[in-house]
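J.: this one's sequence-less:
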């Protein structure tokens, strides 16, 4: 089992342990809730940066940043699972989109 497959397996196991009584039933509701969670975790990550130019600088906490990034990964992997994606499809779609992004860069996008 490769690393991404291991992550998916661990996420499925974690989800099976959760009380999902407040988790939306529809796919759209699930993706909306997970998107909201990703946004909020991204804000928590961003808050660790010294973006407030008007305040006294603070040291960047790399360990805390890594933890927030992993929180984002949890929700991202769950959203992938909800959409029926497996690690193989993740790589396939990533490669396709990466080509689009590379083409955009070479064409002056």
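T.: Structure's in. What do you need? As the structure is a computational prediction, the values presented were derived from the model and not from experiment.
J.: mind checking the SS state of residue 8?
T.: helix (DSSP: H, G, I helix; E, B strand; the rest coil).
J.: Wait, it touches residue 85, no?
T.: No - assessed by C-beta atoms under 8 Å, residue 8 is found out of contact with residue 85, at 9.0 Å. (Each C-beta comes from the backbone N, C-alpha and C, glycine too.)
J.: what's around residue 62, how many residues?
T.: Using other C-beta atoms under 10 Å, residue 62 has 9 neighbouring residues.
J.: Tell me who's in contact with it.
T.: By C-beta atoms under 8 Å, 6 or more residues apart in numbering, no residues touch residue 62.
J.: So for residue 8 and residue 85, which sits in the more crowded spot?
T.: Ranked by neighbour count (other C-beta under 10 Å), residue 8 and residue 85 place residue 8 first, with 20 against 15.
J.: Roughly how far does the more buried one sit from residue 109?
T.: Separation of residue 8 from residue 109 (C-beta to C-beta, to the nearest Å): 32 Å.
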